[in-house]
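Colleague: Provided below are the primary sequence and the corresponding predicted coordinates.
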Amino acid sequence: MTLHFFNPDTDYALASNSENYTPPFSIMAVKSSLMLLPALYADPEDAILLPDDNPGLLNYLNTFAEFLSNKKLTLVRPRHLSRFIEEKKNMEIRPWGWNRTLCKWLLSLGVPDIMIPTEEEITVLRNLSHRKLTIPFLLNMKDIINDEIQIPKEFTVVEDALQFWSANRLQDREVYFKAPWSSSGRGLQFTKDLEKRHIEPWLRGIIRSQGSVMGEIAYSRNLDLATEWECHNGKAMFLGVSTFITSERGKYKSNVVAPQENIVAYILQHVDVHNKGNDLSAIIERQRLLLENYVAQYYEGPLGIDMLVTEDRNINPCVEINLRDTMGRVAIDIQQRIVSRDASEFEVKCLRHFTAGGIFSPMSIISTLRDIESN
């Protein structure tokens, strides 16, 4: 059995490096609204840990209650967690992502140390989650990527970052500045239409709070995509590719849900396969080798590598590496549940409703449930 827990604040908690991190209200709202997200991909008879003991969301989602019952999923309130663990054998805790704040909270609820990463493991996870990990990945792909793709830079001095921005502006190139730790397109500064007076305070704040800032070219996107992986015993297992939709400023919006062969074909329609660096199979194999060299020896669990296809139809094979669950992984898992032989007709019907038109938008789950309920 797996005990799932949705904590979208995990990257921010990693950034704080604190046992007592409190996320902003906007992130808390997402956490509360989507606390039952794992129900969409959990195996039958799994469990979901709720974020608090009085989740108001459960008061009116009768249809989701039927969905949970159909899959025989158990909802666990924090005050019951210790007793629940005592009753279950060989249970694994699977949060969206690990961090010090989560570990402290689980320990306070009576979870045994053996089920939680150690301080050393969290430190390693935090270091690996820094966005600068994209630099060695891309450097070690120089022989198989297109010359259009530039290596990101890390800045610890505001003036150096501003010089990078100015130099690219003179060449009519837009720039992204990124906080070392953030998620879903937050913690980004897209410099289009911004002036120095807008950019400089943001840079100072990020460098002061997180120690550095990443700078990279803002490519005109033809497509956003990702590869999804699971690291275990030093090996990186490839799970599939995903495609997703973002806003102009890079914030995540939704994922495509479809069979893998359809997604791969869709990606290749956007790529100039005759250009250097656009062999998707070669990129995935190189990613696997790099993950096993840099990550899988030190980390167990899910991860996703965000990528993009430029306006010139070239693949950037490593925009970001997320050492946690991702919505791309959710999309793949939902598709697998839809075609699974052990999925009930009711579960498949609901999942198809959630992904109408082949699009999965997490924040639309609540309204979708209400639609099902009213029908």
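Modeller: That came in fine, so what should we check first?

Colleague: just the strands in this protein please.
Modeller: Along the chain, the stretches classed as strands by DSSP state E are 2-5, 47-49, 74-76, 92-95, 153-155, 175-178, 188-190, 213-217, 221-232, 235-246, 252-256, 301-310, 315-322, 359-360.

Colleague: so of those, which one's packed in deepest?
Modeller: strand 315-322 (a mean of 25; mean count of other CB atoms under 10 Å). For the C-beta atoms, the positions are set from N, CA and C on the backbone; glycine is no exception.

Colleague: what packs against that strand?
Modeller: The elements that strand 315-322 packs onto, with contact taken as 3 or more CB pairs under 8 Å, 6 or more residues apart in numbering; DSSP states H and E, are helix 119-129, helix 134-139, helix 280-294, strand 301-310.

Colleague: would you put the C-alpha positions of that strand in PDB?
Modeller: Taking C-alpha atoms only, strand 315-322 is exported to PDB below (Å, rounded to 0.1, in the frame of the first residue of the first chain):
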ATOM      1  CA  ILE A 315      14.800  20.600 -29.000                       C
ATOM      2  CA  ASN A 316      16.100  22.100 -25.800                       C
ATOM      3  CA  PRO A 317      16.600  18.800 -23.900                       C
ATOM      4  CA  CYS A 318      16.900  20.200 -20.300                       C
ATOM      5  CA  VAL A 319      15.100  23.400 -19.200                       C
ATOM      6  CA  GLU A 320      14.500  22.200 -15.700                       C
ATOM      7  CA  ILE A 321      14.800  19.000 -13.600                       C
ATOM      8  CA  ASN A 322      12.100  18.400 -11.000                       C
END
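
Colleague: returning to that earlier point: now render the strands of the chain as JSON lines, adding mean pLDDT and distance to Y41.
Modeller: Converted to JSON lines, the strands of the chain look like this (pLDDT from 0 to 100; distance: least, CB to CB, whole Å):
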{"stretch": "strand 2-5", "mean pLDDT": "97", "distance to Y41": "8"}
{"stretch": "strand 47-49", "mean pLDDT": "96", "distance to Y41": "11"}
{"stretch": "strand 74-76", "mean pLDDT": "94", "distance to Y41": "16"}
{"stretch": "strand 92-95", "mean pLDDT": "97", "distance to Y41": "10"}
{"stretch": "strand 153-155", "mean pLDDT": "97", "distance to Y41": "34"}
{"stretch": "strand 175-178", "mean pLDDT": "94", "distance to Y41": "28"}
{"stretch": "strand 188-190", "mean pLDDT": "89", "distance to Y41": "27"}
{"stretch": "strand 213-217", "mean pLDDT": "96", "distance to Y41": "30"}
{"stretch": "strand 221-232", "mean pLDDT": "96", "distance to Y41": "12"}
{"stretch": "strand 235-246", "mean pLDDT": "95", "distance to Y41": "12"}
{"stretch": "strand 252-256", "mean pLDDT": "90", "distance to Y41": "12"}
{"stretch": "strand 301-310", "mean pLDDT": "97", "distance to Y41": "11"}
{"stretch": "strand 315-322", "mean pLDDT": "96", "distance to Y41": "16"}
{"stretch": "strand 359-360", "mean pLDDT": "91", "distance to Y41": "11"}
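
Colleague: can I get those strands in JSON lines with distance to R341?
Modeller: Formatted as JSON lines, the strands of the chain follow (distance: least, CB to CB, whole Å):
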{"stretch": "strand 2-5", "distance to R341": "20"}
{"stretch": "strand 47-49", "distance to R341": "22"}
{"stretch": "strand 74-76", "distance to R341": "23"}
{"stretch": "strand 92-95", "distance to R341": "23"}
{"stretch": "strand 153-155", "distance to R341": "48"}
{"stretch": "strand 175-178", "distance to R341": "42"}
{"stretch": "strand 188-190", "distance to R341": "42"}
{"stretch": "strand 213-217", "distance to R341": "44"}
{"stretch": "strand 221-232", "distance to R341": "22"}
{"stretch": "strand 235-246", "distance to R341": "19"}
{"stretch": "strand 252-256", "distance to R341": "23"}
{"stretch": "strand 301-310", "distance to R341": "24"}
{"stretch": "strand 315-322", "distance to R341": "31"}
{"stretch": "strand 359-360", "distance to R341": "22"}
